[in-house]
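Q: How does the following fold in three dimensions:
(one chain, ligands or ions: 1)
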Amino acid sequence: MSAQRDDLPRVFDLAFAQTLARREPDADPRVIDAAARASFAIAQGHAALDLEGDDALRNMLATSRWVARPDADAVADPAMPLVLEGDLLYLRRYREYERRLADGLRRIAAATIDVDDITPLAPLFERLFPSDARDAHQARAAALALRHPLLLVTGGPGTGKTTTITRLLLFAVAQAHAEGRTLRIALAAPTGRAADRMAQSLRIAVDHLRSAGLDAALCDALPTDASTLHRLLGAIPDRPRFRHGIDLPLPHDLIVVDEASMVDLPLMCKLVEAVAAGARLVLLGDRDQLPSVEAGDVLAAIADAAVTVEPASDTALETLAAPLATPQRFKGLRVALQRTYRQADVFDLAPLATAVREGDADTALALLRGGTLRNVHFHEDAVDPLASQLRDELLAPWRALGTVDADAPAAIEDALALAQRARLLTALRHGAQGAIALNARIEEALAGAQRDPYFHGRLVAIMENSYRHGLFNGDLGLCLRGEDGSVVWFRTAAGLRPFHPAALPAHAGAFAMTVHKAQGSEFETVWLQLPRQFARTLSRELVYTAITRARDALHLCASESVLREALSVRAQRVSGLSRRLRDA
Ligand SMILES: Nc1ncnc2c1ncn2[C@@H]1O[C@H](COP(=O)(O)OP(=O)(O)OP(=O)(O)O)[C@@H](O)[C@H]1O
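A: Residues are numbered from 1 along each chain as shown. Got it, this is the predicted structure:
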């Protein structure tokens, strides 16, 4: 089978176009071609095909019997497979996702939250955000959520998203308690890993506050678990529909979604439609990360259309929380957290992350070559992280997995934690510098050419969601050999569980993985291997996402030219969502 070129329409796109051509043999070939390209645009993560000002083509499409041209808010004719809006040609289904999402977001944002006087909350606010030592953006975000039903909190790693959300939830609970209500809260994230991480960070933050003497009843009212969005919405095995939606809204009063940059257009649409009337939605994420793999860049579009709120000079809670009178049709609010609180004396990533995010290659290279950023290591021109001088350092954390005692459950827990220590990230999946080849070479280095496919200490990652197994895309397993042969251990919602390798859903080796796959995860040490030559998957967002997966140390293997080129490319997605939200 020949490899799929990622710049040519797929068989599926051509088949879609051919179906139209067969039904109307005298249709202009340019219309048929545009249909194939609109279908292919979805596969590339766009919501539509951008006609880029091709007036002749637009006019031709406008008169085609396959192309609907509804008003912005109207449902498109179901008999027409394509929709033309301005310069965007959509597959009907995606245009409807976008329209429904915009509708849903406007609906949530326009609701008014009836709250009593919030002045009794002022002492708690002062305690959690002391006016002489507060991060003004964090405090503003937490205060706004008291009266505003749709809030985006965006920021890079370590800017305090979890810190802010913990406090925001405590206020919301205190507010509800003061009014004699209980608050039903849901925490969710697009992947199981991200949900675990969110729940764990929140538990740590709450424990901190509890031991500092904060009211235990308040602390106890916060959720200790987070679920995947699929689980929250009630996925039905083998069906695209969820249990919850417009007809059966979620029972929660307040829903917080972490890693929202990874949520694609169809899923965000379904989530928003399932938010009950009068309920609040808080989206957390880093808008500079890679957009979702599927059609989207939804978080960035919502952030662009929302009202960006800056801290007020007045520090009183009542002022900070006051309803904002905005002339805009879309009432969603966004607070962009600014300051990084991670300790630079341990791992000084922030200056590099900023340069990468801004596409400033000169500064990024100067920082990398200067060697002054603590625990940031630049292996310039290294094309092979397994080459002799880097190999031992790369393999060390994984060698330790080979000595884990398979009969001691506590050791297995520790080993799964150890497994999160280091990861090699790649831009590509295939080819000599792709995740598959590098992973195979790492496995050989650890266990030899004649290795057991499930050797003791091998890491695997699940590649699909399997509700039957309770295993989800991205879940990480550790292979251990016991008396009865190899088993693969996973931490599941039901606790630590062993699986026989033959019983696992689709999975792959996980010492090396693509940056896309690593989204939503963090590792103590990240090795990033950029390809020898520029590849289409490279972008500023890809490099930013990769380096911000690291908590304690970064090793970057790249050449100047490829890094420069990567930082000059933006992973932009075609989407009409922002305009749709804004337009009156
Ligand atoms: N205003 C603040 N003052 C002092 N320390 C803070 C403040 N906000 C956050 N921190 C600390 O900075 C660290 C990172 O904060 P937090 O985990 O909330 O960030 P985050 O944006 O959720 O990070 P990520 O999602 O990337 O893990 C934590 O140790 C937290 O205690």
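Q: Bridged to residue 333, which residues?
A: residue 151, residue 307 (DSSP bridges).
Q: Enumerate every residue touching it.
A: The contact partners of residue 333, by C-beta atoms under 8 Å, 6 or more residues apart in numbering, come to 109, 144, 148, 150, 151, 152, 306, 307, 308, 309, 324. C-beta coordinates here come from the backbone N, C-alpha and C atoms, glycine included.
Q: try residue 427
A: Neighbouring residues of residue 427 by C-beta under 8 Å, 6+ apart: 433, 514, 515, 529, 530, 531, 535, 537, 538, 542, 566.
Q: could you redo the last one with a cut-off of 6 Å?
A: Taking C-beta atoms under 6 Å, 6 or more residues apart in numbering, we find residue 427 in contact with 530, 531, 535, 537, 538.
Q: top of the residues you listed by neighbour count?
A: Of all those, the highest neighbour tally under other C-beta atoms under 10 Å goes to residue 530, namely 26 neighbours.
Q: Not counting its neighbours along the chain, what's nearest it?
A: Leaving aside its chain neighbours, residue 530 sits nearest to residue 558 (3.9 Å; criterion: C-beta to C-beta, 6 or more residues apart in numbering).
Q: any idea how far the one you found lies from residue 203?
A: 37 Å (C-beta to C-beta, to the nearest Å).
Q: just residue 399 next, same as before
A: From residue 399 across to residue 203, the span is 31 Å (C-beta to C-beta).
Q: For these two, indicate the residue with more neighbours.
A: When neighbours are counted by other C-beta under 10 Å, residue 203 comes out ahead of the other of residue 399 and residue 203, with 15 against 12.
Q: Could you check the pLDDT of the closest residue to the more buried one other than its chain neighbours?
A: Excluding its sequence neighbours, the residue lying closest to residue 203 (C-beta to C-beta, 6+ apart) is residue 224, at 5.7 Å. Listed pLDDT for residue 224 reads 92.
Q: Same question for the one 3 residues further on.
A: pLDDT recorded at residue 227 is 91.
Q: Number of residues surrounding it?
A: Residues near residue 227, counting by other C-beta under 10 Å: 18.
Q: What's the separation between it and the ligand?
A: Remark: distance between residue 227 and the ligand (C-beta to the nearest ligand atom, to the nearest Å) = 18 Å.
Q: show me what contacts that residue?
A: 188, 195.
Q: at 10 Å instead, please
A: Neighbouring residues of residue 227 by C-beta atoms under 10 Å, 6 or more residues apart in numbering: 186, 187, 188, 189, 192, 195, 198, 199, 233, 493.
Q: So which of these reach the ligand?
A: When contact is defined as C-beta under 6 Å from any ligand atom, the contacts of residue 227 do not meet the ligand at all.
Q: coming back round to it: looking at the contacts of residue 333, spot the one nearest residue 73.
A: Taking C-beta to C-beta as the measure, residue 73 lies nearest residue 109 of those, at 15.5 Å.
Q: Quick one: the strands in the stretch 51-200 of the chain, in order.
A: Along the stretch 51-200 of the chain, the stretches classed as strands by DSSP state E, counting those that start in this stretch are 67-68, 82-85, 88-91, 150-154, 185-189.
Q: Equivalent analysis for the stretch 401-550 of the chain, please.
A: With DSSP E, counting those that start in this stretch as the criterion, the stretch 401-550 of the chain has strands at 422-426, 459-462, 476-482, 485-492, 495-499, 507-509, 512-514, 523-529, 550-558.
Q: Mean pLDDT and distance to residue 65 for those strands - can I get that in TSV?
A: Shown next, in TSV, are the strands of the stretch 401-550 of the chain (pLDDT from 0 to 100; distance: least, C-beta to C-beta, whole Å):
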stretch	mean pLDDT	distance to residue 65
strand 422-426	96	46
strand 459-462	93	45
strand 476-482	89	51
strand 485-492	88	51
strand 495-499	88	53
strand 507-509	94	45
strand 512-514	95	42
strand 523-529	95	50
strand 550-558	95	51
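Q: Check these for me and report the most buried one.
A: Scoring those by mean neighbour count under mean count of other C-beta atoms under 10 Å gives strand 422-426 as the most buried, with a mean of 26.
Q: quick one: it to strand 550-558, angle?
A: Relative orientation of strand 422-426 versus strand 550-558 (axes from the mean of the first three to the mean of the last three C-alpha atoms, to 10 degrees): 40 degrees.
Q: Which neighbours in the sheet does strand 422-426 have, and how are they oriented?
A: Counting by DSSP bridges, the strands paired with strand 422-426 are strand 512-514 (parallel), strand 523-529 (parallel).
Q: still on that earlier bit, do you know how far the residue nearest to residue 530 is from residue 565?
A: Remark: distance between residue 558 and residue 565 (C-beta to C-beta) = 10 Å.
Q: joint contacts of those two?
A: Common contacts of residue 558 and residue 565 (C-beta under 10 Å, 6+ apart): 530, 538.
Q: all helices of the stretch 201-350 of the chain, in order?
A: Here the stretch 201-350 of the chain has its helices, by DSSP state H, counting those that start in this stretch, at 216-220, 229-233, 265-274, 298-305, 317-321, 350-357.
Q: Quickly, which of those helices bottoms out on average pLDDT?
A: helix 317-321 (a mean of 84).
Q: And that one, what's buried?
A: Neighbour counts over helix 317-321 (16 or more other C-beta atoms under 10 Å) mark 317, 320, 321 as buried.
Q: next one: stretch 398-418
A: For stretch 398-418, the neighbour count (16+ other C-beta under 10 Å) marks 398, 401, 404, 406, 412, 415, 416, 418 as buried.
Q: of all those residues, which comes closest to residue 521?
A: When the buried residues of stretch 398-418 are compared for distance to residue 521 (C-beta to C-beta), residue 416 wins out at 13.2 Å.
Q: List the residues that contact that closest one.
A: 401, 404, 459, 476, 477, 478, 489, 490, 491, 496.
Q: Run a quick neighbour tally on residue 45.
A: Residue 45 is flanked by 21 other residues according to other C-beta under 10 Å.
Q: For the closest residue to it other than its chain neighbours, grab the count of nearby residues.
A: Closest residue to residue 45 apart from its sequence neighbours, by C-beta to C-beta, 6+ apart: residue 573 at 5.4 Å. Residues near residue 573, counting by other C-beta under 10 Å, number 21.
Q: mind checking how far residue 573 is from the ligand?
A: Here the criterion is C-beta to the nearest ligand atom. By it, residue 573 lies 23 Å from the ligand.
Q: ditto for residue 30
A: 47 Å.
Q: what sits against that residue?
A: Per C-beta under 10 Å, 6+ apart, neighbours of residue 30: 54, 56, 57, 60, 61, 64.
Q: Off-centre distance for the helix or strand containing it?
A: Per DSSP states H and E, residue 30 falls inside helix 29-43. Centroid separation between helix 29-43 and its chain, computed with C-alpha atoms, centre = their mean, to the nearest Å, is 28 Å.
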